[in-house]
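Asker: A structural model of the following input is requested.
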Amino acid sequence: MLRIHFTPRDLARVRVASAPDPLWEIACSLHRLQTSRGRWAYADWYRETRTVLAGTQLGTAVRRLLVPVLPRARYLPDFLTPHEAADGLDRGLAAIVDTPPDRVAHEIGLLDRSSGAPDWASRLPEREAREDLAGLLRAYHEAVVAPYENRILATVAAERALRGRDALAAGVDGLLAGLSPAVRWHPPVLHVDYVEDRDLHLAGRGLRLVPSYFCWQSPVSMADDTLRPLLVYPVHGVRRPVPERPPDASLAALLGRTRAAALRSLALGATTSELARFLGVSVPTATHHTTVLRDAGLVHSHRHHNTVLHTLTPLGAALLRPASRPAPPEP
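Answerer: Sure, this is the predicted structure:
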């Protein structure tokens, strides 16, 4: 159990990451390759990734180099998931390369005592070795994470919208209480199902919440409590088995498949660019769809600075509700 202790100042400094963290997505996706637990939820990604990596130099490097330093284990070296990755993969990889050698050596030592570090990891305090590792992380990301980027961006955007609605309706209490089935909010302590028993005192530093597409069921945090506090947690309800016949087939017949998908994606609110990523279309095409939906009275659009946020009208929300079946006639 991980117990995260909040002060009043921390409650004012809770933030939800504005975009997926690429290095945490790399780490969590590597964990998906190391276990069959939850594999059904990533079945298409798993099959495609196995095909892409099979019999290649990258596949061998992932198995021999990446998995041993990012194992699905109680301890992960913190320097491989730096805070700078919040600003993108390039910044994150640069931070790995620039990590002080003493810190790298210390964390590799912790990994060795925890689950065993590969022999080659003893070279990681050398900058050249970290540059090679950063190059491998980039190659892995480009091969098996980037092809799913639109899906990852859309699910994280939907999660942010959901958390925002919780915060608007019930404040920070509502936001923290709705994070995950593995997380329980008993003010002023957030209880998280975890691989070890520990306490994390925020002490006014706040908490950065990082929704992750590849994180499965169990949230993750930094091992070193002196680093910027964060909690990586799985996004909600985005990996359900596809039913044999979509329940909204009639809606697709009415609006068209793409426009029906647009209407569903706006249930939590989305900007035009977020909608375009979700649908896999250009921004002008997404704009056309929202215009049609707005003219039909199904969507409301609100401009804020350089973005337009689209939400459902009551009529649009009513269309998404499953139709109730009529009661059978009485004999």
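
Asker: quick check, pLDDT for the nearest residue in space to Gly116 that is not next to it in sequence.
Answerer: Take Gly116 and drop its neighbours on the chain: the residue closest to it by CB to CB, 6 or more residues apart in numbering is Pro68, 7.9 Å away. Where you see a C-beta, it was placed from the backbone N, CA and C, and this is true even at glycine. On pLDDT, Pro68 comes in at 95.

Asker: how about Pro211?
Answerer: Model confidence at Pro211, given as pLDDT, is 94.

Asker: wasn't it part of a strand?
Answerer: Yes. The secondary structure assignment for Pro211 places it in a strand, going by DSSP: H, G, I helix; E, B strand; the rest coil.

Asker: okay, and the beta partners of it?
Answerer: On the basis of DSSP bridges, Pro211 takes part in beta bridges with Tyr233.

Asker: Ile230 and Val144: what is the separation?
Answerer: Just so we're on the same page, residue 230 is Leu rather than Ile. Distance, Leu230 to Val144, by CB to CB, to the nearest Å: 24 Å.

Asker: sec struct for Val308, please.
Answerer: Criterion first, three-state DSSP; result for Val308: strand.

Asker: ok, it - contacts?
Answerer: Taking CB atoms under 8 Å, 6 or more residues apart in numbering as the criterion, Val308 is in contact with Thr271, Thr272, Thr290, Ser301, His302.

Asker: and Val281, by the same measure?
Answerer: Thr258, His289.

Asker: please state the backbone phi and psi of it?
Answerer: Taking degrees, to the nearest 10, you get phi -130, psi 170 for the backbone angles of Val281.

Asker: ok, back up a step: out of the contacts of Val308, list just those in helices.
Answerer: In helices, defined here by DSSP state H, the members of the contacts of Val308 are Thr272, Thr290.

Asker: of the contacts of Val308, closest to Arg9?
Answerer: Taking CB to CB as the measure, Arg9 lies nearest Thr271 of the contacts of Val308, at 31.0 Å.

Asker: which of the contacts of Val308 ranks first by neighbour count?
Answerer: Ranked by the number of neighbours (other CB atoms under 10 Å), these place Thr290 first, at 24 neighbours.

Asker: now the helices: where do they sit in this protein?
Answerer: Under the criterion DSSP H, helices of the chain are mapped to 8-11, 22-33, 43-53, 57-61, 67-69, 89-97, 101-114, 127-140, 149-177, 249-255, 257-265, 272-279, 283-295, 314-320.

Asker: weakest of these in terms of mean pLDDT?
Answerer: Of all the helices of the chain, helix 249-255 carries the lowest average pLDDT, namely a mean of 71.
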